[in-house]
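Asks: here you go, sequence then predicted model.
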Amino acid sequence: MKTARFWKALENGVVQCELCPHRCRIPVGARGRCFGRLNEGGTLVAQTWGWPVAMQVDPIEKKPLNHFLPGTPILSLGTLGCNLACQFCQNWELSHPSGLPHPERTPVLPEEVAQMAARGGIPSVAATYNEPAVWAEYAMDIADACHAKGLRMVAVSAGFFSPESRVEFFRKMDAANVDLKSFRDDFYRKWCRARLGPVLETLEAIRKETGCWLEVTLLLIPGLNDSEAEIDELTAWVAEHLGAGTPLHFSAFHPDGDMRDVPPTPPATLRRARAQAKENGLHHVYVGNVRGEEDATATICPDCGAHLIEREGFRSKRTGMDAAGRCTACGRECEGVWK
């Protein structure tokens, strides 16, 4: 537990959290809607600081990040809580827990997390599994500890941050994958209990106001966010506002949460979405969470069409790219962080 950032005191001990657009007004003894932030006697505390409930080593491609240190392992950890309530969530028990497990256990300090990675020869750490916005203080402290040891820090986020917090948070991150749920505000309100606008603002802030490498993921849910019109608008927006070199990942939906009656995403939908994104000028468009689409997982040189990185599952191999990220066929430098 640690005193939170991004809040202000109101009358009668009530505090207002300013970490995300919900701006929860929290009475003494109560939590914000994200679960992880508690009003303790008129002070807002980050209660899950130092309490990872999931930690393991993943391939970086699993985040997914295809243009950030490909082929390397990443130490991944998550805590509890989320500031969205997606009805298709695959980690609901972590994101919306009923209580804190093992409340008396010793905290895992940020320096210990960084030391675990350094000792294992792992070049980066990821705040993932649940929404890192709701444990921003811990993630930012881990980032500082990692940077002190020459390691990198990654965030896998839905991007629902406030103007007060977003730039400060992502300036601590070396890379991020932001899960853009839809390009429709009514989708966010109905299925995620959030709003689209702040997410788009976060994406633009990451690109324009930080040095954080950015990739974007969209989970395509049949009948809800996969129409040709929506994909056309979304991909055109990414190209214009984030840049043609921003990697975009289309991920296949599999029934989960409260959407077990929705069918899986057909491969044809993924191919069509990828083609639309390419037509709108995006250079690096990938599909994921589906088998048999290896051609849509390779990194290809936008200039000459050579295959730079081949992927199978979460394994990747550089086949046409040098250590600096240049195409060995034509010399074009590919967008990304390669060493």
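Replies: Perfect, thanks for sending it. Residues are numbered from 1 along each chain as shown.

Asks: residues contacting the residue lying closest to Lys172 once chain neighbours are set aside?
Replies: Nearest residue to Lys172, sequence neighbours excluded (C-beta to C-beta, 6 or more residues apart in numbering): Ala143, at 4.1 Å. Where C-beta positions appear, they are placed from N, C-alpha and C, glycine not excepted. Ala143 makes contact with 125, 153, 172-174, according to C-beta atoms under 8 Å, 6 or more residues apart in numbering.

Asks: could you do Met173 as well?
Replies: With C-beta under 8 Å, 6+ apart, Met173 has these contacts: 143, 153-155, 210, 212.

Asks: try it again at 10 Å.
Replies: With contacts defined as C-beta atoms under 10 Å, 6 or more residues apart in numbering, the neighbours of Met173 are 126-127, 132, 139-140, 143, 152-155, 157, 206, 210-214.

Asks: of the contacts of Ala143, which is the most crowded?
Replies: Taking other C-beta atoms under 10 Å as the neighbour criterion, Val125 ranks highest of these with 28 neighbours.

Asks: need the three-state assignment for that one.
Replies: Recorded secondary structure, Val125: strand (DSSP: H, G, I helix; E, B strand; the rest coil).

Asks: ok, back up a step: can you tell me the element the residue nearest to Lys172 falls in?
Replies: Using DSSP states H and E, Ala143 falls within helix 136-148.

Asks: which parts of that helix are buried?
Replies: Of all the residues in helix 136-148, those buried under the rule 16 or more other C-beta atoms under 10 Å are 136-143, 145-146.

Asks: equivalent analysis for stretch 230-243, please.
Replies: 230-232, 234-239, 242.

Asks: just put those in TSV and tack on secondary structure.
Replies: Putting the buried residues of stretch 230-243 into TSV (three-state DSSP) gives the following:
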residue	secondary structure
Glu230	helix
Ile231	helix
Asp232	helix
Leu234	helix
Thr235	helix
Ala236	helix
Trp237	helix
Val238	helix
Ala239	helix
Leu242	helix
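
Asks: turn these into CSV, including distance to Thr43 and pLDDT.
Replies: CSV is the format used below for the buried residues of stretch 230-243 (distance: C-beta to C-beta, whole Å; pLDDT from 0 to 100):
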residue, distance to Thr43, pLDDT
Glu230, 43, 98
Ile231, 45, 98
Asp232, 48, 98
Leu234, 41, 98
Thr235, 44, 98
Ala236, 45, 98
Trp237, 40, 98
Val238, 40, 98
Ala239, 44, 98
Leu242, 38, 98
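
Asks: what's the domain layout of the protein?
Replies: 2-46, 54-297, 302-339 (automatic domain parsing).

Asks: right, and Glu209 touches Val167 too?
Replies: Yes: using C-beta atoms under 10 Å, Glu209 makes contact with Val167 at a distance of 5.1 Å.

Asks: so where do the helices sit in this structure?
Replies: 92-95, 110-119, 136-148, 166-170, 185-187, 197-209, 228-237, 267-279 (DSSP state H).

Asks: Lys208 - how many residues pack around it?
Replies: 11.

Asks: in contact with it: list those residues for me.
Replies: Neighbouring residues of Lys208 by C-beta under 10 Å, 6+ apart: 167, 241-243.

Asks: for the stretch 51-200 of the chain, give me the ranges with low pLDDT.
Replies: 101-104 (pLDDT under 70).

Asks: what residues of stretch 178-186 count as buried?
Replies: Residues of stretch 178-186 classed as buried: 178-184 (neighbour count, 16+ other C-beta under 10 Å).

Asks: and stretch 37-49, by the same measure?
Replies: For stretch 37-49, by 16+ other C-beta under 10 Å, it's 37-39, 44-49.

Asks: repeat for stretch 189-206
Replies: Neighbour-count burial for stretch 189-206, counted by 16+ other C-beta under 10 Å, picks out 191-192, 194, 196, 198-203, 205-206.

Asks: can I get the residues you listed in a markdown table with distance to Arg33?
Replies: Output for these, formatted as a markdown table (distance: C-beta to C-beta, whole Å):
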| residue | distance to Arg33 |
| --- | --- |
| Trp191 | 16 |
| Cys192 | 12 |
| Ala194 | 10 |
| Leu196 | 18 |
| Pro198 | 15 |
| Val199 | 17 |
| Leu200 | 21 |
| Glu201 | 20 |
| Thr202 | 18 |
| Leu203 | 23 |
| Ala205 | 23 |
| Ile206 | 24 |
